[in-house]
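S.K.: fold the following, please.
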Amino acid sequence: MDIVLEVWDTFLGDRLYATLVPASLSSSITFPSDSVFNGTLSFFGQPDSYVYEPATKFFRLEPSKYAYLSAWPRDNIYRQSVSFFLITWIFGLFIYFICASLSYMFVWDKTTIKHPKYLKNQIRLEIAQTMRSMPVMSILTVPFFVAEVRGYAKLYDSVSDEPFPYYSILQFPLFIAFTDFFIYWIHRGLHHPLVYKTLHKPHHKWIMPSPFASHAFHPVDGWAQSVPYHVFPFVFPLQKFAYVILFGFINFWTVLIHDGEYVANSPVINGAACHTMHHLYFNYNYGQFTTLWDRLGGSYRKPNDELFRRETKMAEQEWKKQTKEMEAILKTVEGTDDRSYVNEETAKKNL
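M.R.: Okay, the predicted model is just below:
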C-alpha cells in the first residue's frame with residue numbers, strides 16, 4: 001500500500017500535515033545528542049531526516065515543498081497511521097457506494113422488495129450499518145497497512161524481484177486459494193452460537209440482501225473476514241500493484257455476491273446464488289470464492305434450480321418454499337425473529 005500512500009501524500013497528505021502539524025511545532029524542542037528521545041524520534045521519523053524514495057520503479061511523484069514542512073514527515077508512524085485510517089475509510093466508502101449503486105441500478109432485481117422476507121426500509125438500514133462499521137473496520141485494518149509500508153511484508157515491485165519465473169501470474173490463484181480457505185473457517189466460526197448473535201447476526205439481518213448489504217457487518221465481523229487478505233503478503237510475496245488490484249477486486253466481489261443476479265450456476269464458483277442460500281438458510285455456503293471447502297466441510301448447498309429461471313426466481317411458490325424452510329432454520333439458529341418485514345401480512349400467510 002506504499003504506492004497508494006505516496007499518491008495520497010503527493011496530492012493531499014503533504015499539504016494537510018504541513019497545515020495541521022507544521023514543523024514549527026517541534027522547532028523549539030531540543031534534546032541532548034545522546035538522549036533516548038532522539039532514538040525514539042528517529043524510529044518514528046523526523047522532518048530533517050526524511051529523504052524521498054519512490055514507492056515504485058514504474059513512476060516517480062516528486063514531492064512538493066510541503067513534504068518537508070510538517071513535524072510529521074512522510075515516514076512518521078503516527079502520520080502513516082492517520083493517513084491509512086482516512087484512506088481506508090474514505091475510499092472504502094467511495095468504492096462501496098459506487099459499486100453498490102451501480103449494481104442496484106443495473107443488476108439487482110427490484111422485484112426483491114416484494115419478497116416476504118425483505119425488511120422495512122432495508123436499504124437505508126444496510127447503508128446505516130455500513131456507515132457505523134466502516135470507520136471501526138478501518139481503524140482495525142491500519143496496523144496491517146502500517147506494517148507493510150514499514151517493510152515487514154513481502155511486497156515486491158518489479159518482475160525482476162519476483163521469487164521465481166511466472167510467480168507474478170501464480171500469485172493470483174495462490175491468493176484466492178489462501179484467502180478462500182481461511183475465510184471459510186473464520187466465517188463458519190462466526191456462526192458458532194457463542195459469537196453468532198453478537199458478531200455475525202447483524203449481517204444476517206438481511207435475509208434477501210441488496211448490493212448495499214455487501215459491507216453491512218458488525219465491524220469486528222467485517223474485519224475478521226478481511227484478515228486473510230492482509231495476512232497474505234506477510235506470508236507470501238505479492239507484487240505491489242497486484243495487491244492494490246486484489247484489494248479492489250475483493251470489494252467488487254463482495255458486492256457481486258449480494259447483487260441477487262444468479263448467473264454463476266457452477267459447482268465451483270461461490271457466486272450470488274450460493275450466497276443467497278447462505279443468507280436464506282444460514283448454515284450453508286460459508287466460502288468466499290469457491291465451493292471447495294463447503295464441499296469438504298459438509299456445508300455446501302446447491303442453489304435452488306428455480307433461481308436460474310426468471311419466471312420462477314421471484315414466483316410466489318418459490319417464495320413460500322423459501323420462507324417455510326428459512327423460518328424453521330431461523331428458530332434453531334436465532335430463536336425469536338426480531339426483524340420487521342416490509343409486508344408482515346404476506347410473511348404470515350406464507351408461514
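
S.K.: contact partners of stretch 305-312?
M.R.: Contact with stretch 305-312 is made by 262, 265, 273, 276, 313, 315, 318, as judged by CB atoms under 8 Å, 6 or more residues apart in numbering. For the C-beta atoms, the positions are set from N, CA and C on the backbone; glycine is no exception.

S.K.: please repeat the previous calculation with a cut-off of 6 Å.
M.R.: For stretch 305-312, the surrounding residues in contact (CB atoms under 6 Å, 6 or more residues apart in numbering) are 262, 265, 273, 313, 318.

S.K.: now that stretch: buried residues?
M.R.: Using 16 or more other CB atoms under 10 Å as the test for burial, stretch 305-312 gives 306-307.

S.K.: ok, stretch 50-68 next?
M.R.: By 16+ other CB under 10 Å, the buried positions in stretch 50-68 come out as 50, 55, 66-68.

S.K.: where in this structure is the helix or strand with the lowest mean pLDDT?
M.R.: Using mean pLDDT, DSSP states H and E, helix 36-44 stands out as the lowest-scoring helix or strand of the chain, at a mean of 43.

S.K.: what's the following helix or strand after that one?
M.R.: Following helix 36-44 in sequence order, the next helix or strand is helix 77-106 (DSSP states H and E).

S.K.: tell me the helices and strands packed up against that next one.
M.R.: helix 122-149, helix 240-256 (3 or more CB pairs under 6 Å, 6 or more residues apart in numbering; DSSP states H and E).

S.K.: at 7 Å instead, please
M.R.: When contacts are defined as 3 or more CB pairs under 7 Å, 6 or more residues apart in numbering; DSSP states H and E, helix 77-106 packs onto helix 2-8, helix 122-149, helix 240-256.

S.K.: in CSV, list the ones you listed along with mean pLDDT, distance to Asp14 and mean neighbour count.
M.R.: Output for the helices and strands packed on helix 77-106, formatted as CSV (pLDDT from 0 to 100; distance: least, CB to CB, whole Å; neighbours: other CB atoms under 10 Å):
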stretch, mean pLDDT, distance to Asp14, mean neighbour count
helix 2-8, 94, 9, 20
helix 122-149, 96, 16, 19
helix 240-256, 91, 21, 18
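
S.K.: out of those helices, flag the one nearest Gln322.
M.R.: helix 122-149 (16.3 Å; CB to CB).

S.K.: what does the helix or strand following that closest one rub up against?
M.R.: On the C-terminal side of helix 122-149, the nearest following helix or strand under DSSP H and E is strand 155-156. For strand 155-156, the surrounding residues in contact (CB atoms under 7 Å, 6 or more residues apart in numbering) are 148, 162, 233, 237-240, 243.

S.K.: what's the closest of those residues to Glu6?
M.R.: Closest to Glu6, out of all of these and judged by CB to CB, is Lys240, at 10.6 Å.

S.K.: sorry, back to before: widest-spaced pair of the contacts of stretch 305-312?
M.R.: Top of the distance list for the contacts of stretch 305-312 (CB to CB): Asn265 and Glu318, 15.5 Å.

S.K.: in contact with Gln129: list those residues for me.
M.R.: Residues in contact with Gln129, defined by CB under 7 Å, 6+ apart, are 202, 216.

S.K.: roughly how far apart are it and Tyr118?
M.R.: Noted for Gln129: a distance of 16 Å to Tyr118, by CB to CB, to the nearest Å.

S.K.: can I get stretch 286-295 in CSV, CA atoms only?
M.R.: Only the C-alpha atoms of stretch 286-295 are listed here, as CSV (Å, rounded to 0.1, in the frame of the first residue of the first chain):
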residue,chain,number,x,y,z
TYR,A,286,-19.6,-20.2,4.0
GLY,A,287,-17.0,-19.9,1.3
GLN,A,288,-15.9,-16.6,-0.3
PHE,A,289,-14.8,-17.5,-3.8
THR,A,290,-15.3,-21.3,-4.3
THR,A,291,-17.4,-24.1,-3.0
LEU,A,292,-14.3,-26.3,-2.3
TRP,A,293,-14.2,-26.0,1.5
ASP,A,294,-18.0,-26.1,1.8
ARG,A,295,-17.9,-29.4,0.0
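
S.K.: what does that stretch contact?
M.R.: Contacts of stretch 286-295 (CB under 7 Å, 6+ apart): 176, 179-181, 183-184, 187-188, 267-270, 274, 278, 285, 299-300.

S.K.: shaky segments in the protein?
M.R.: Low-confidence segments of the chain, defined by pLDDT under 70: 25-49, 264, 344-351.

S.K.: redo the contacts of strand 155-156 as JSON lines? Include distance to Leu199.
M.R.: JSON lines is the format used below for the contacts of strand 155-156 (distance: CB to CB, whole Å):
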{"residue": "Glu148", "distance to Leu199": "26"}
{"residue": "Glu162", "distance to Leu199": "38"}
{"residue": "Pro233", "distance to Leu199": "26"}
{"residue": "Pro237", "distance to Leu199": "32"}
{"residue": "Leu238", "distance to Leu199": "28"}
{"residue": "Gln239", "distance to Leu199": "33"}
{"residue": "Lys240", "distance to Leu199": "32"}
{"residue": "Tyr243", "distance to Leu199": "27"}
